[in-house]
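show me the folded form of this:
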Amino acid sequence: MLDKSTYMSDVQSGVYDRAFEHYKVRQNARIITIGRGLTGLYERQAKVVDISIAGAGLELSHCIGLPKHYYLMIEGFPNRIGCAEIYRKDRKVGVKFIAQIDEHLIHKMIRADYFKGK
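Purely as a prediction, here's the structure:
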């Protein structure tokens, strides 16, 4: 079977070898993918269950047809975060971010969870 992954999902980097503090959150999010030949944008719902400045753990209703690279948009935040999948098990997906996110974004997410009573 032909492996359809791109080089970014297999790139080894010292950035991701370091342990970053992970925070438990329950944030609604959308995964945005680009169709073959840049034919269009496709969205699916997801939930961010943990996050660090270098990656996140997501839960989806299903992973059928999900490519290894996509954008993550977390509800209430304008950032579109480029992701490369590092594991997939059932409905859970782990991603590394193409570029580290700002720690302030994580703190805003934690505060938003707190005020929602999560």
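
hmm, who's touching stretch 79-87?
Contacts with stretch 79-87, where a contact means C-beta atoms under 8 Å, 6 or more residues apart in numbering, come from 8-9, 11, 16, 32, 55-56, 66, 68-74, 93-99, 101, 105. Every C-beta, even on glycine, is put in place using the N, C-alpha and C of the backbone.

just those: which are in strands?
Using DSSP state E, 32, 55-56, 69-74, 93-97 are the members of those that sit in strands.

still on that earlier bit, give me the buried entries from the contacts of stretch 79-87.
Buried subset of the contacts of stretch 79-87 (neighbour count, 16 or more other C-beta atoms under 10 Å): 9, 55-56, 66, 68-74, 93, 95-97, 101, 105.

low-confidence ranges in this protein?
Counting by pLDDT under 70, the chain contains low-confidence residues at 1-18, 37-38, 113-118.

buried sites along the top helix by length along the chain?
If each helix of the chain is counted by residues according to DSSP state H, the longest one is helix 103-116. Under the neighbour-count criterion of 16+ other C-beta under 10 Å, helix 103-116 has 105-106, 109-110, 112-113 buried.
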